[in-house]
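Colleague: build me a model from this:
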Amino acid sequence: MATRRPARRRPASRRNPRRPAPRRPAPRRRAPRSRRQRERDAQVKLAVAALALAAVWALVSWLLVNWWVLIVLGALALTGGAGWVHRLQQQRTWARVQQQALRYGLPELDALHHRDFEYAIRDLMLRDGCTDARQIGGAGDNGADVLATDPLGRTWVIQCKHRRDGERGAAVGTPDLQRVNGTARQLYGADVVLVLTNGRFSTRCAPLATQLHMHLADRRVLATWASGNRPLWELLPRIPAPRSGW
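Modeller: As a prediction, the model looks like this:
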């Protein structure tokens with residue numbers, strides 16, 4: 001006698017239809033404020049404004065009666081302002097004195113990082129009255145490290161070449177002169193183009209500098225300038241004449 005095979009059951013996914021996702025309830029809308037609520041809010045705002053106006057009027061009335069209070073407050077304000085101005089002037093005067101007393105020795109300059117050396121040169125120009133002296137050396141400086149205008153109106157463009165070993169370091173060569181000469185006058189309108197180092201220049205630099213109407217300041221000139229009180233333009237030969245009107 002042949003046995004019957006049990007009938008295959010269909011998968012539950014086929015027997016039961018897919019239930020739809022439950023719907024999210026729609027957000028409830030705020031009911032519009034009633035007319036009474038709007039009137040109540042308007043009354044509150046009006047009451048606050050009336051209280052503020054009353055307080056201001058009371059203060060003004062009190063000050064009119066006690067007018068001496070205004071005089072005292074004004075005197076205190078003037079005294080405080082005068083004290084603040086006096087302290088500011090003292091700080092500026094002290095900063096000016098510190099600048100004028102600035103001195104550097106060669107060992108101190110030799111020990112500086114090359115970027116700090118540029119800031120030291122800027123500070124020395126400030127000491128000598130170049131109130132707009134600033135350090136601009138870095139990427140894209142176009143050969144200029146310090147820009148300054150001296151008290152006689154001449155624009156200085158200074159290329160700083162720092163040597164950690166001082167005079168024993170590598171000599172500054174003619175490519176450094178050519179680099180700054182190619183941009184100093186065209187980009188910065190320089191009257192004085194100067195290459196300055198705490199080291200030495202190669203023998204070919206002096207003739208090229210004369211040909212290009214540039215100036216060189218080596219270790220000897222730097223030592224005299226940094227440790228004394230004479231401005232750099234009194235130590236260099238053939239400095240251009242002051243600009244007209246200065």
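Colleague: is it correct that residue 146 is in contact with residue 135?
Modeller: Yes. At 5.7 Å, residue 146 and residue 135 qualify as touching, with contact defined as C-beta atoms under 8 Å. In this view, the C-beta of every residue, glycine as well, is placed from N, C-alpha and C.
Colleague: and for those two, which residues touch both?
Modeller: 118, 121, 122 (C-beta atoms under 8 Å, 6 or more residues apart in numbering).
Colleague: write the PyMOL selection for whichever of those residues are buried.
Modeller: Buried residues within these, by 16 or more other C-beta atoms under 10 Å, are selected in PyMOL with:
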select buried, resi 118+121+122
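Colleague: any idea which of the shared contacts of residue 146 and residue 135 is closest to residue 167?
Modeller: Each of the shared contacts of residue 146 and residue 135 was scored against residue 167 by C-beta to C-beta, and residue 121 proved nearest at 17.8 Å.
Colleague: tally of neighbours for residue 187?
Modeller: 12 (other C-beta atoms under 10 Å).
Colleague: ok, now the one 4 residues further on?
Modeller: Here the neighbour count serves as a burial measure; for residue 191 (other C-beta under 10 Å) it reads 20.
Colleague: correct me if wrong: it contacts residue 243.
Modeller: Yes. Using C-beta under 8 Å, residue 191 is in contact with residue 243, at 7.3 Å.
Colleague: find the residues that touch each one of those two.
Modeller: In contact with both residue 191 and residue 243: residue 154, using C-beta under 8 Å, 6+ apart.
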